[in-house]
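Participant: Provided below for reference: sequence and predicted model.
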Amino acid sequence: MTVRDSSAGRARLAVLALAGCILVPLVAAGLRSVLWALAGLAGLVLAAIGVWWALAHTGPLRVLGTALSVTAPVAVLALFAAFGMLWPAVVSLVLWALAVTAARTAVAPSGATAEHVVTGAPHAPWIVMNPRSGGGKVGRFGLVAKAEAAGCRVALLEAGQDVVELARQAVAEGADLLAVAGGDGTQALVAEVAAHHDVPFVVVPAGTRNHFALDLGLDRDDPAAALEALTDGVELRVDLGYAADRVFVNNASFGMYAFVVTDPAYRDAKARTTLRTLPGLLTGEEAPRLRTRADGTYVDGLQALLVSNNPYGRAVDAARPGRRERLDSGLLGVVCVRVANTAQAARIVRGPGSGGLIRLSAGEVVVEADTATLPVGIDGEHVVLPSPVVCRSAPGALRVRVPRRRPGTPRSGGAPADWPRVARLALGPLFHRPGT
């Protein structure tokens, strides 16, 4: 089967699933299905308002918001169940999710980052390990002994040590491959050194979240498996992101999150600190008001802004939720949040058309505010940078070596659903004429 035939098959599946998600409620309730759809939408709007009140206010309004965010969807589900519409609604939603996923994969370009076969193992690989990362994964998985058995020179990172200086010294002493067993923040710092000296870089997912490792397709439950890249690996050329002079492999966050993590209490009590801080950041005098220029697009009045090293997929994308389709597009992803009151919170259920959540892609992003400096969360690490902050992509700057066989190799599927194109692809054989 050719690639075109496969895409056409997914396009037909998308069209059939879309038709099914419309027909199921029509068959179950006739024209009254429109009223049921409006009832479901009303439940979503009330839940969105409840979430806003719970996050942006304190006292009785926060309690009321919390109750509303729970009771509104529960009441809608109970109403659907009482009138026999619950299962038609569930089936319709499942078909809609299938339709969108199939439509995106049908028209998506090949998303996999190009792989190059590695010939020969490194002669002097070096790895730095943070024994505190991920609750002690280095010790729990025996990574020191396994790395040494693979021929690596191991450096254990002590509190207060300069990991960048350690990596530079390793290169000066002849290291021809740099590796990190630690969190994304440590990986970014060593990755910049590897990129500067054009030596391969290996990620060993020994941190807490390991988002970079996830998008490289590595097994985060078996960190030692990443060491197979030394003997049976392929090489990827991936981008690096920069916020001013600070490198990031995942993202740089501005606004609410960056302000929250500045609180000393955040590390030990994340949820409590966030709930205590958010009201002032969302509606009070402390609320950040950011502006950004993403290539030719200007957006202002933002409370939060995320700039990522390559665009993230949509959080509701069933194929790849919250992941990056590729790491070598040469573009930054931009997600802007602009919700300042209850009305805007209610409109956010409309999706991108609401203006509350804005998604862009750009080669350069400038972030500024009416302050001399901006707190920024760079790969989970808090820094303060002079305003404005210029974010840019360094395309293909980093040589990443990964195992040839890895469980999470990215698959295409994050492109927006272009329904006219999907329909043409699905119905093409019916209307194809020779010579056209």
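Facilitator: All right, it came through fine.
Participant: Now the closest residue in space to residue 373 that isn't next to it in sequence: which helix or strand?
Facilitator: Leaving aside its sequence neighbours, residue 373 sits nearest to residue 384 (C-beta to C-beta, 6 or more residues apart in numbering; 5.1 Å). Every residue, glycine included, has its C-beta placed from N, CA and C. Taking DSSP states H and E as the criterion, residue 384 maps to strand 381-386.
Participant: Show me what that strand is packed up against.
Facilitator: Where contact means 3 or more C-beta pairs under 8 Å, 6 or more residues apart in numbering; DSSP states H and E, strand 381-386 is packed against strand 373-378.
Participant: Can you give the strand pairings for the strand it packs on, parallel or anti for each?
Facilitator: Partners of strand 373-378 in the sheet, by DSSP bridges, are strand 251-255 (antiparallel), strand 381-386 (antiparallel).
Participant: How about residues contacting that strand?
Facilitator: Residues from elsewhere that reach strand 373-378 (C-beta atoms under 8 Å, 6 or more residues apart in numbering): 185, 188, 243, 246, 248, 251-254, 257-259, 261-262, 367-368, 382-387, 389.
Participant: List the buried residues in the strand holding residue 384.
Facilitator: Within strand 381-386, the residues that qualify as buried are 381, 382, 383, 385, counting by 16 or more other C-beta atoms under 10 Å.
Participant: quick one, what contacts the third one?
Facilitator: For residue 383, the residues meeting the contact criterion (C-beta under 8 Å, 6+ apart) are 246, 375, 376.
Participant: Can you tell me the closest non-neighbouring residue to the first one?
Facilitator: Just to be clear, that refers to residue 246. Of all residues not flanking residue 246 in the chain, residue 378 sits nearest, at 5.3 Å (C-beta to C-beta, 6+ apart).
Participant: ditto for residue 184
Facilitator: residue 379 (4.3 Å).
Participant: Select the longest helix from the chain.
Facilitator: Longest helix of the chain, by residue count under DSSP state H: helix 3-29.
Participant: Please work out the average pLDDT along that helix.
Facilitator: Mean per-residue pLDDT for helix 3-29: 84.
Participant: Does anything pack onto that helix? Which helices or strands?
Facilitator: If contacts are counted by 3+ C-beta pairs under 8 Å, 6+ apart, helix 3-29 sits against helix 33-56, helix 86-107, helix 419-431.
Participant: closest to residue 64 out of those?
Facilitator: Comparison of the helices and strands packed on helix 3-29 against residue 64 by C-beta to C-beta identifies helix 33-56 as nearest, at 6.2 Å.
Participant: Can you check what angle separates that closest one from helix 3-29?
Facilitator: Angle of helix 33-56 versus helix 3-29, following axes from the mean of the first three to the mean of the last three C-alpha atoms, to 10 degrees, is 100 degrees.
Participant: neighbouring contacts of helix 33-56?
Facilitator: By C-beta under 8 Å, 6+ apart, helix 33-56 touches 25-26, 29, 61-62, 64-70, 72-73, 75-76, 79-80, 85, 88-89, 275, 278-279, 282-283, 339, 342, 345-346, 348-349.
Participant: Helix, strand, or coil at residue 370?
Facilitator: coil (DSSP: H, G, I helix; E, B strand; the rest coil).
Participant: The chain should start at 15 in everything you say after this.
Facilitator: Sounds good: first residue 15 from here, last item residue 384.
Participant: Excluding covalently adjacent residues, which one is nearest to it?
Facilitator: Here the residue nearest residue 384, using C-beta to C-beta, 6+ apart, is residue 303, at 7.0 Å.
Participant: Pull the contacting residues for that neighbour.
Facilitator: Residue 303 sits next to 314, 315, 316, 317, 383, 384 when contact means C-beta under 8 Å, 6+ apart.
Participant: One more pass at 7 Å, please.
Facilitator: Listed by C-beta atoms under 7 Å, 6 or more residues apart in numbering, the contact set of residue 303 reads 315, 383, 384.
Participant: What of residue 307?
Facilitator: Contacts of residue 307 by C-beta under 7 Å, 6+ apart are residue 380.
Participant: Would you quantify the distance from residue 419 to residue 194?
Facilitator: Per C-beta to C-beta, to the nearest Å, residue 419 is found 21 Å from residue 194.
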